[in-house]
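**Q** what's the 3D shape of this:
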Amino acid sequence: MRKSLRINHHPLLGEMDKKVISFTYNGEKLQGLEGEPIAVALLANHIRILRRHEESGSARGLYCGIGHCMECRVELLGKGQVRACLTPLKEGMEIREGSRLPNAITGRVDS
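**A** Numbering: from 1, shown residues only. I've put the predicted structure just below:
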């Protein structure tokens, strides 16, 4: 298992002492800190690709980090598509790579 990219001690913010919880991403069991944004938990677990571009299929990940761009959308079981940068992580969440949205003209999901 790879070492977490998480900062556990910050010189100004001090200790990061939130509760460690479990969640899954694409079926893989991972750990994160309760209440942190889903995007942060995924980045700490070396996950950079959150979805694929609708037309080109190129990898997409965290971009603006403040909820404006929708690049970080993922599928959250029971909730549909959510922005990973704004959605707090909770125990037992089942998250999947974001699906492609339908083409605005054809209404189909292009492959």
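**Q** all strands in this structure, in order from the N-terminus.
**A** 9-10, 14-15, 20-25, 28-33, 51-52, 59-60, 73-76, 80-83, 94-97 (DSSP state E).
**Q** now for these, which one comes closest to residue 41?
**A** strand 28-33 (3.0 Å; C-beta to C-beta). (Each C-beta comes from the backbone N, C-alpha and C, glycine too.)
**Q** partners of that closest one in the sheet?
**A** strand 20-25 (antiparallel) (DSSP bridges).
**Q** Grab the nearest non-local neighbour of the most centrally placed residue in the chain.
**A** In the chain, the centroid-proximal residue (C-alpha atoms, centre = their mean) is residue 39; its distance is 3.7 Å. Nearest residue to residue 39, sequence neighbours excluded (C-beta to C-beta, 6 or more residues apart in numbering): residue 84, at 3.9 Å.
**Q** pretty sure residue 6 is touching residue 44, no?
**A** Yes - with contact defined as C-beta atoms under 8 Å, residue 6 and residue 44 form a contacting pair (4.2 Å).
**Q** what's the pLDDT at residue 107?
**A** At residue 107, the model reports a pLDDT of 58.
**Q** The one 4 residues further on now?
**A** According to the predicted model, the pLDDT of residue 111 comes to 51.
**Q** got any ranges where this structure has weak pLDDT?
**A** 1-2, 101-111 (pLDDT under 70).
**Q** now residue 23, which residues is it bridged with?
**A** Under the criterion used (DSSP bridges), residue 23 bridges to residue 30.
**Q** That one contacts residue 93, doesn't it?
**A** Yes - counting by C-beta under 8 Å, residue 93 is a contact partner of residue 23 at 4.2 Å.
**Q** list the contacts for the residue nearest to the centre of the chain?
**A** Counting by C-beta atoms under 8 Å, 6 or more residues apart in numbering, residue 39 makes contact with 50, 62, 65, 72, 84, 85.
**Q** now that we have those residues, which one has the most neighbours?
**A** residue 84 (28 neighbours; other C-beta atoms under 10 Å).
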